[in-house]
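A.B. asks: okay, structure incoming, though there's no sequence with it:
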């Protein structure tokens, strides 16, 4: 089961958020060795975890098994405020209908069985696409390894490159803008053999922001 | 020198507009003059022992003589570039695909490639969520790439692979839709039926039992969403499965 909730509603759900931040610490510090994110209390929280972000959380028997975070591009986000150099001077799209997809993680234990595609990864990617559609977004900024960019393309995202691939730390990274196409969610479902939505949006309340922007396609 | 980013983005823009394998081939052929490669190949890695290059190639811009020899001699299984694809997620030069000097078969592939003016190369690996691997390889007489050019060619390879997959999948879906997954035997029975032969006549011609012919025709009717033999034949003709 996948849940979408805002940073604001998360503050009223302390137990779950505690699990989320611990899951993030286990994954990004424990598994990926991102030492810069290490926290003494074992909860990976940063300055971008504000009431304005959204969390997409995969849960199994009450435990977090996957996670992604969506940050509004109308506020400081990673591409603008953490590593703008990966854009190599190129402009990056932003606006109320564009969010940045960060902290994507699937519990390593859930991926170990997989040479044939595991039970969590595919649905967790689908949940993010469904969340983006539910929030009325045009697309998501992503910066990730080029191998994963190829996968996003095969899952049905319409991907604009924002710069050439470059080295960040000791890994290759490619910044992209992944746009939702009319068949993006359907392509996910076909790819992962899902019969319907995976995101449980019935039982959550998304605080709607007042719509003040005109329906312009893109604010660069 | 033109800006590599700009050049690469223009190639990608055209690749995204490509509708057929031929158009992807044309774009990669044209891009060769910019990056300095003479030949290229987009392909999956074999999933079974039986598959050779010609089974795995999605779009081939290799010299035909090299493709044929490579396929016939099963070089997919001894090529150090192919082995390297399986163990790395990052692009690499052919020269950096290691092999044991005592491994004569690996050395043989690299040496014979030179006979076709494939001395240097650059390979971009792909690893899918389901564990399958693929690659785009660029080769040439003398291929020297700056770091920027490698990054640009890497991006070009990503879009070429994505488009190659999309057009080959669309093509196979189109074929499946058109012939409705009919088997060769079912099509054969339909042809004889259209020629006025009864199930018994057909059974004699194909030396199978009349019951088997009936079963093939019933199965064909199901697949064609037809309620009887007349409608099956009409539908099969309309789709061009039989003429």
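C.D. replies: Ah, there it is. Source: prediction; values computed, not measured.

A.B. asks: return the set of buried residues in stretch A:70-81.
C.D. replies: A:70-74, A:77-80 (16 or more other CB atoms under 10 Å in any protein chain shown). Heads up, the C-betas are built off the backbone N, CA and C, glycines and all.

A.B. asks: which residues of chain A fall in helices?
C.D. replies: A:7-10, A:14-24, A:78-81, A:108-111, A:121-134, A:146-154, A:184-191 (DSSP state H).

A.B. asks: brain fart, chain B
C.D. replies: According to DSSP H, the helices that chain B contains are B:4-17, B:21-35, B:53-56, B:64-72, B:80-87, B:104-115, B:147-179, B:184-194, B:199-206, B:210-223, B:229-238.

A.B. asks: what does chain B put close to chain A?
C.D. replies: Residues of chain B found near chain A (CB under 8 Å from any CB of the partner chain) are B:4-5, B:8-9, B:12, B:89-90, B:125-131, B:148, B:151-152, B:154-155, B:158, B:161-162, B:165.

A.B. asks: rerun at 6 Å
C.D. replies: Within chain B, the positions near chain A by CB under 6 Å from any CB of the partner chain are B:5, B:89-90, B:126-127, B:129-131, B:151-152, B:154-155, B:158, B:162.

A.B. asks: now these as a markdown table including distance to residue A:64, neighbour count and pLDDT?
C.D. replies: Below are these laid out as a markdown table (distance: CB to CB, whole Å; neighbours: other CB atoms under 10 Å in any protein chain shown; pLDDT from 0 to 100):
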| residue | distance to residue A:64 | neighbour count | pLDDT |
| --- | --- | --- | --- |
| B:5 | 39 | 18 | 93 |
| B:89 | 26 | 16 | 91 |
| B:90 | 30 | 14 | 94 |
| B:126 | 30 | 24 | 95 |
| B:127 | 26 | 19 | 92 |
| B:129 | 20 | 19 | 81 |
| B:130 | 24 | 14 | 78 |
| B:131 | 25 | 11 | 79 |
| B:151 | 36 | 24 | 95 |
| B:152 | 39 | 26 | 96 |
| B:154 | 34 | 21 | 97 |
| B:155 | 34 | 24 | 96 |
| B:158 | 31 | 25 | 97 |
| B:162 | 32 | 22 | 94 |
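
A.B. asks: so residue A:102 is in contact with residue A:68, correct?
C.D. replies: No. Counting by CB atoms under 6 Å, residue A:102 does not reach residue A:68; the two are 7.5 Å apart.

A.B. asks: follow-up on the earlier one: between the buried residues of stretch A:70-81, which is closest to chain B?
C.D. replies: residue A:79 (16.8 Å; CB to the nearest CB).

A.B. asks: what's near enough to touch the closest one?
C.D. replies: Shown in contact with residue A:79 (CB atoms under 6 Å, 6 or more residues apart in numbering or on different chains): A:92, A:141.

A.B. asks: the same query, at a cut-off of 10 Å, please.
C.D. replies: Contacts for residue A:79 (CB atoms under 10 Å, 6 or more residues apart in numbering or on different chains) come out as A:71, A:73, A:86-87, A:92-94, A:100, A:102, A:141-143, A:162, A:175, A:177.

A.B. asks: with residue A:47 instead?
C.D. replies: A:76, A:81-82.

A.B. asks: let me know the closest of these to residue B:222.
C.D. replies: Lowest distance from residue B:222 to the contacts of residue A:47 (CB to CB) belongs to residue A:82, with 58.0 Å.

A.B. asks: how much space separates residue A:17 from chain B?
C.D. replies: 28 Å (CB to the nearest CB, to the nearest Å).

A.B. asks: need the buried residues of stretch A:70-81 in CSV (columns: distance to residue B:236).
C.D. replies: Formatted as CSV, the buried residues of stretch A:70-81 follow (distance: CB to CB, whole Å):
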residue, distance to residue B:236
A:70, 50
A:71, 55
A:72, 56
A:73, 54
A:74, 58
A:77, 57
A:78, 57
A:79, 55
A:80, 60
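
A.B. asks: dump the residues you listed to a markdown table, plus distance to residue A:10 and pLDDT.
C.D. replies: Output for the buried residues of stretch A:70-81, formatted as a markdown table (distance: CB to CB, whole Å; pLDDT from 0 to 100):
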| residue | distance to residue A:10 | pLDDT |
| --- | --- | --- |
| A:70 | 12 | 97 |
| A:71 | 14 | 96 |
| A:72 | 15 | 96 |
| A:73 | 20 | 95 |
| A:74 | 19 | 94 |
| A:77 | 18 | 92 |
| A:78 | 19 | 89 |
| A:79 | 23 | 87 |
| A:80 | 23 | 85 |
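
A.B. asks: can you name the farthest residue from the center of chain B?
C.D. replies: residue B:200 (41.5 Å; CA atoms, centre = their mean).

A.B. asks: contact partners for it?
C.D. replies: B:209-210, B:213-214.

A.B. asks: cool, residue B:170 as well?
C.D. replies: Residue B:170 neighbours (CB under 10 Å, 6+ apart): B:19-20.

A.B. asks: from residue A:73, how far out is the closest residue to residue A:125 other than its chain neighbours?
C.D. replies: Spatial nearest neighbour of residue A:125, excluding adjacent residues (CB to CB, 6 or more residues apart in numbering or on different chains): residue A:155 at 5.9 Å. The gap separating residue A:155 from residue A:73 is 21 Å, by CB to CB, to the nearest Å.

A.B. asks: quick one on the thing from earlier: which one of the contacts of residue B:200 is nearest to chain A?
C.D. replies: residue B:214 (34.4 Å).

A.B. asks: and the most centrally placed residue in chain B, how far from residue B:94?
C.D. replies: The centre of chain B sits closest to residue B:58, judged by CA atoms, centre = their mean, with a distance of 2.3 Å. According to CB to CB, residue B:58 stands 20 Å off from residue B:94.

A.B. asks: circling back: quick check: neighbours shared by residue A:102 and residue A:68?
C.D. replies: Contacts common to residue A:102 and residue A:68, judged by CB under 10 Å, 6+ apart, are residue A:140.

A.B. asks: quick one, what contacts the nearest residue to residue B:122 once chain neighbours are set aside?
C.D. replies: In space, and not counting its chain neighbours, residue B:122 is closest to residue B:138: 4.9 Å by CB to CB, 6+ apart. For residue B:138, the contacting residues are B:28, B:31-32, B:35-41, B:61, B:91, B:94, B:118, B:120-124, B:145, B:153, B:156-157, by CB under 10 Å, 6+ apart.

A.B. asks: same deal with residue B:214?
C.D. replies: B:189, B:199-200, B:202-203, B:229.

A.B. asks: separate out the buried members of the residues you listed.
C.D. replies: For the contacts of residue B:214, buried by 16+ other CB under 10 Å: B:189, B:199, B:202-203, B:229.

A.B. asks: closest one of these to chain A?
C.D. replies: For those, the nearest to chain A is residue B:189 (32.2 Å; CB to the nearest CB).

A.B. asks: doesn't residue B:206 make contact with that closest one?
C.D. replies: Yes. If you go by CB atoms under 10 Å, residue B:189 and residue B:206 touch, sitting 7.5 Å apart.
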